[in-house]
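> Pasted the sequence and its predicted model underneath.
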Amino acid sequence: MSRSERPRRPALTLSIVLLSVAVVCLGTVLVAKAFGGSGAAVRPGSADASNAAPSFLAGKGLYVDPDSSAARASMADPSVAVTFAPLAHTPTAIWLTPEKYPTVSVETSVARIVRDATAKKDVASFVVYGIPNRDCGSQSSGGLDQASYPAWVAAIAKGVEGSKSIVVLEPDSLAQSASCGEQDARIIEVRNAASQFSGTSPEVYLDGGHSNWLPAATMADLLNRAGVSSVRGFATNVSNYNATERERNYASTVSKLTGGAHYIIDVSRNGAGSNGDWCNPPGRRIGTTPSIDHSNNAHDGDLWIKPPGESDGTCNGGPAAGQWWAQSALELLGLGS
């Protein structure tokens, strides 16, 4: 699973600023072409929306992170800015890890992002990824110890307090818990982490694995035990590649088994579906542009949760998990070999 490292952007010269303005304008056109859209942005809940959006998104757009890996790659080398525009200008979740956002500073960092999103009338999406024994010591090993983890999550919750934000809580944590040999402890950790956001306004989605992992009934049981009824719902396909329709069928079944819990689907890299490999599989493509479901059912929307272009790990030729990998980005855009 890929995790993002985002150093602060250096000061820009005037020429780069002017170039960036031009790229943003051109990027809007390229995004529309990449997704087969018209390029006209319609905010959820606007007069042009056919049905009411989920209430927490009414009148809001989805936040584009100006410091994403794709945006930083474009700033570092303006010659590729147009190429990576469909990634840099598409709303994508911001991954919070204790390695990049330690407890002493994560509240300030998150609050700054929330302020920027609020000023733009957008909703920021965050992924909380720092649970003890993260990824069972595999490609994205790390996380905090049991004593430190609650305070870190509490700082994140304080940073998003009062905002309209989306929080995806601990990818893989529940689905992977049995193979880690700590299922009961992991369920308690996830449930306690979710409780930190109670009354803070953001909508929280527990991670619900994906359709090629656990049976729907097994995943639903884990979500129920972790307290999915106390949050908005769950997310599926995070950092994976399964086709959207397959995930919707799976998530719909899980929803029915969890009392109608709402769900979101990660469509950032599923444009060509899955070949069965989760770690930097070749031949994949970006998915459809993020969208909100206006049909008033349990499906809240299809979002970009995993940032395209960030490696899943040192597999299939990739760098360490979370690092920008231009080769992967090009291939996802249909421009690579």
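Here it is on my side, so go on. Numbers count the residues shown, from 1 in each chain.
> Is it correct that residue 330 is in contact with residue 308?
No. Using C-beta atoms under 8 Å as the test, residue 330 is too far from residue 308 to be in contact (10.5 Å). To be clear about C-beta, it is placed using only N, CA and C from the backbone, and glycine gets the same treatment.
> what about the two, which has more around it?
residue 308 (26 against 16; other C-beta atoms under 10 Å).
> Quick check: the more buried one vs residue 206, distance?
23 Å (C-beta to C-beta, to the nearest Å).
> residues touching the closest residue to residue 293 other than its chain neighbours, list them.
Sequence neighbours aside, residue 299 is the residue nearest to residue 293 in space, at 4.6 Å (criterion: C-beta to C-beta, 6 or more residues apart in numbering). Each residue near residue 299 by C-beta atoms under 8 Å, 6 or more residues apart in numbering is listed here: 248, 251, 252, 262, 263, 264, 265, 293.
> so which strand or helix has the third one?
What it means is residue 252. helix 244-256 (DSSP states H and E).
> Check the offset of that helix from the chain's centre.
Distance of helix 244-256 from its chain centroid, counting by C-alpha atoms, centre = their mean, to the nearest Å, is 18 Å.
> Give me the contacts around the very next helix or strand once past that helix.
Counting by DSSP H and E, the element after helix 244-256 in chain order, helix or strand, is strand 262-266. With C-beta under 8 Å, 6+ apart as the test, strand 262-266 has contacts from 54, 166, 168, 205, 208, 232-240, 244, 247-248, 251, 254-255, 298-306.
> then strand 262-266 to PDB, C-alphas only?
Extracted in PDB, the C-alpha atoms of strand 262-266 (Å, rounded to 0.1, in the frame of the first residue of the first chain):
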ATOM      1  CA  HIS A 262     -22.900   4.200   3.700                       C
ATOM      2  CA  TYR A 263     -19.900   3.600   1.600                       C
ATOM      3  CA  ILE A 264     -17.400   5.200  -0.800                       C
ATOM      4  CA  ILE A 265     -15.200   3.400  -3.400                       C
ATOM      5  CA  ASP A 266     -11.600   4.200  -4.400                       C
END
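> quick one, it and helix 244-256 angle?
150 degrees (axes from the mean of the first three to the mean of the last three C-alpha atoms, to 10 degrees).
> Tell me, what's the model's pLDDT at residue 19?
Note on residue 19: pLDDT of 37.
> Likewise for residue 30?
Taking residue 30 on its own, its pLDDT is 39.
> And the helices in the stretch 51-200 of the chain, which stretches?
Ranges of helices in the stretch 51-200 of the chain, per DSSP state H, counting those that start in this stretch, are 69-76, 81-88, 103-119, 149-160, 177-180, 183-195.
> Look at residue 290 and say how many residues are nearby.
So residue 290, with other C-beta under 10 Å, has 23 neighbours.
> For it, give me its contacts.
62, 90, 91, 92, 267, 301, 302, 303, 304.
> What are the boundaries of the helices in the stretch 201-337 of the chain?
216-225, 244-256, 326-332.
> Pull out the buried positions in the longest one.
When neighbours are counted by 16 or more other C-beta atoms under 10 Å, the buried residues of helix 244-256 are found to be 244, 246, 247, 248, 250, 251, 253, 254, 255.
> and the contacts of strand 262-266, which of them are in strands?
166, 168, 205, 233, 234, 235, 236, 299, 300, 301, 302, 303 (DSSP state E).
> The fourth one contacts residue 205, doesn't it?
Translated: residue 233. Yes. Between residue 233 and residue 205 there is a contact under C-beta under 8 Å: 5.4 Å.
> would you list the ones in strands among the contacts of strand 262-266 in CSV and tack on pLDDT and distance to residue 77?
Converted to CSV, these look like this (pLDDT from 0 to 100; distance: C-beta to C-beta, whole Å):
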residue, pLDDT, distance to residue 77
166, 97, 31
168, 98, 30
205, 98, 35
233, 97, 39
234, 98, 38
235, 98, 32
236, 98, 35
299, 96, 38
300, 96, 36
301, 96, 32
302, 97, 30
303, 98, 28
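> Determine which two of those residues are furthest apart.
For the ones in strands among the contacts of strand 262-266, with distances taken as C-beta to C-beta, the pair at the greatest spread is 168 and 299 (15.4 Å).
> Low-confidence bits of the chain, can you list those?
Scanning the chain with the threshold set as pLDDT under 70 gives 1-53, 137, 337.
> at 50 instead, please
1-51 (pLDDT under 50).
> residues contacting residue 184?
By C-beta under 8 Å, 6+ apart, no residues touch residue 184.
> Could you measure from it over to residue 191?
Distance from residue 184 to residue 191, counting by C-beta to C-beta: 11 Å.
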